[in-house]
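J.: Here is my input; please provide its structure:
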Amino acid sequence: MKLTAHTDYGLRMLMALAVAGERRVTIEEVADRHRISRNHLMKVAQTLVGLGLIRSTRGRGGGLTLAKQPTDIRIGAVVRALETDTDLVACLGDNPASCVFSGACRLTGALRQALEAFFAELDRLTLADVAMNRADLRQRLSLPA
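T.: Numbering: from 1, shown residues only. Coordinates of the predicted model:
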């Protein structure tokens, strides 16, 4: 399974905001530092605002901040919210009849368990956990100390 760019960028943005603390961070700063599209990042930010994970302030001195404490943001929940399709194979989705082996093979169950284990591991982690090395992450983002 490969996460979409939308999810990847969403996680990067959340990490940047976590290490920035109370400082507002602009989309341009995150886009420039990660060398990613500002337009794509704006869509990601809109999604994160809609999910209630970040706040956006417009105008001079505006930018983005976390809407919740990093300890209250579970990585598994973020990935579930941002990913549109987590089905590893068609028979795990809405149309199990799409496979002639559906109901007769053990692969579907194994893949379902693997996906559950994947999300269980991500559910253990908070944003605070993945952004724990704040000083190094701030330096990599070129944020002031």
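J.: The longest helix along the chain - what's its average pLDDT?
T.: If you go by DSSP state H, the chain has its longest helix at helix 107-124. Over the span of helix 107-124, the pLDDT mean works out to 91.
J.: Tell me which residues are up against it.
T.: Taking C-beta atoms under 8 Å, 6 or more residues apart in numbering as the criterion, the residues outside helix 107-124 that touch it are 1, 74-77, 79-80, 86, 88-89, 91-92, 96, 101-102. From N, CA and C alone the C-beta is placed, and that goes for glycine too.
J.: May I see the buried residues of that helix?
T.: Within helix 107-124, the residues scored as buried using 16 or more other C-beta atoms under 10 Å are 108, 111, 115, 122.
J.: Can you name the element that comes right after that helix?
T.: helix 127-130 (DSSP states H and E).
J.: Point out the other helices and strands that the next helix-or-strand element following that following helix packs with.
T.: Following the chain from helix 127-130 toward its C-terminal end, the next helix or strand by DSSP H and E is helix 134-140. Helices and strands touching helix 134-140, by 3 or more C-beta pairs under 8 Å, 6 or more residues apart in numbering; DSSP states H and E, are helix 5-20.
J.: lowest average confidence, helix or strand, in the chain?
T.: Scoring the helices and strands of the chain by mean pLDDT, DSSP states H and E places helix 134-140 at the bottom, with a mean of 72.
J.: Please save the CA atoms from that helix in CSV.
T.: The C-alpha coordinates for helix 134-140 follow below in CSV (Å, rounded to 0.1, in the frame of the first residue of the first chain):
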residue,chain,number,x,y,z
ARG,A,134,11.5,19.1,17.7
ALA,A,135,15.0,20.8,17.6
ASP,A,136,16.1,18.7,14.6
LEU,A,137,12.8,19.0,12.8
ARG,A,138,12.8,22.8,13.3
GLN,A,139,16.3,23.1,11.9
ARG,A,140,15.3,21.0,8.9
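J.: Quickly find the element holding the residue lying farthest from the centre of the chain.
T.: Residue distances from the centre of the chain (C-alpha atoms, centre = their mean) peak at residue 104, which lies 35.1 Å from the mean C-alpha position. Secondary structure assignment for residue 104, by DSSP H and E: no helix or strand.
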